[in-house]
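**Student:** Just to be clear, the model below is a prediction. Sequence and coordinates:
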Amino acid sequence: MTADRTTGVGVATRCAECGTSSTGFPTCPMCGLELPADPAPDRPVRSRSMSSLPRPPRRRRRLALALVPVLLVAGVALVLQPWDGDPAPTSAPARTTTATPTTRAPAPSPTPRARPRRCWNGATVTGTARCPLPTGAQAIAVSSSTFASARRAGRCRPASSTPGVTSFLCSVGGAQLRFAWFASPRRLATHVARTYPSCRRVSYVLVCRGPGRQALRYADPRLGLQVSAPTSARATLLRVPINPSRRILHGSLLLHR
């Protein structure tokens with residue numbers, strides 16, 4: 001094989017008589033025919049290297065390099081531009097307000113059914129009804145069981161009576177006690193203020209003191225009882241039980257007759 005000086009491509013030499021490849025031989029090795037010095041090329045065999053590969057024109061490369069920064073800027077602008085398809089920004093969660101429980105006034109407790117009460121005279125009352133007020137000797141017996149017992153035992157005798165006042169002198173524990181009932185509350189208040197100027201309240205009873213005597217009476221002016229004794233019988237007087245005024249006015253009292 002010989003190389004073409006203009007193209008650098010090898011050319012195969014063949015014998016014109018027998019067609020035997022005689023590359024590199026001056027004569028044909030088969031028939032001995034003298035071969036020409038520069039045989040016509042048969043089939044060119046080209047050997048390509050990396051340097052012989054076609055290259056893109058320089059104009060195209062320059063255009064591609066110029067488009068790179070343009071595409072980068074366009075991409076950044078596209079990223080920064082808001083997209084209509086993005087979901088709308090969620091608003092801040094609504095503040096939940098806890099309803100303050102309304103304080104209700106406690107329901108009024110049902111009024112218990114009024115129980116019947118027994119008055120001093122045996123009558124029965126209910127609710128806010130009151131018992132009738134006793135009078136005279138009966139009122140004294142209702143107010144003091146000591147007087148009722150002494151009278152039944154015969155240790156009491158009527159004292160000098162004044163209009164509107166019922167009174168008895170009774171022997172109790174070796175002392176003379178005076179039990180009286182004033183029909184008029186005003187008259188009783190006038191009598192106590194004149195005779196016993198100093199009084200002090202002990203529960204529902206007034207303990208009064210005067211010159212040489214002491215007395216007990218109800219603090220409620222509607223009840224006209226008075227029990228008195230000399231100062232020397234003070235201890236006996238203070239031991240005399242007096243029934244509560246509420247029981248006399250509203251009932252539930254076991255009466256002594």
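**Tutor:** Received, thanks. Only a predicted model underlies this, so the values are computations on that prediction, with no experimental measurement involved. Numbers count the residues shown, from 1 in each chain.
**Student:** Which stretches in the stretch 51-200 of the chain count as helices?
**Tutor:** With helices called from DSSP state H, counting those that start in this stretch, the stretch 51-200 of the chain shows them at 58-80, 136-143, 145-152, 185-195.
**Student:** Worst mean pLDDT among the ones you listed?
**Tutor:** Mean pLDDT per stretch puts helix 58-80 lowest among the helices of the stretch 51-200 of the chain, at a mean of 62.
**Student:** quick check: domain ranges of this structure?
**Tutor:** Under the assignment automatic domain parsing, the domains of the chain span 1-45, 117-250.
**Student:** Mean neighbour count, these: which tops it?
**Tutor:** domain 117-250 (a mean of 16; mean count of other CB atoms under 10 Å). Just so you know, the C-beta spots here come from the backbone N, C-alpha and C atoms, and that holds for glycine as well.
**Student:** Can you give me the end-to-end span of that domain?
**Tutor:** Taking CA to CA, to the nearest Å, domain 117-250 runs 7 Å from one end to the other.
**Student:** At which residues are the strands of the stretch 101-250 of the chain located?
**Tutor:** Here the stretch 101-250 of the chain has its strands, by DSSP state E, counting those that start in this stretch, at 117-118, 124-125, 156-158, 165-172, 175-182, 198-202, 205-210, 213-218, 225-230.
**Student:** send the alpha carbons of the fifth one over as PDB?
**Tutor:** What follows is strand 175-182 as a C-alpha-only set of coordinates in PDB (Å, rounded to 0.1, in the frame of the first residue of the first chain):
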ATOM      1  CA  ALA A 175     -89.300  32.100 149.200                       C
ATOM      2  CA  GLN A 176     -92.300  34.200 148.400                       C
ATOM      3  CA  LEU A 177     -92.500  34.900 144.600                       C
ATOM      4  CA  ARG A 178     -95.000  37.200 143.000                       C
ATOM      5  CA  PHE A 179     -96.400  36.100 139.600                       C
ATOM      6  CA  ALA A 180     -98.300  38.800 137.700                       C
ATOM      7  CA  TRP A 181     -99.800  39.300 134.200                       C
ATOM      8  CA  PHE A 182    -100.300  42.700 132.700                       C
END
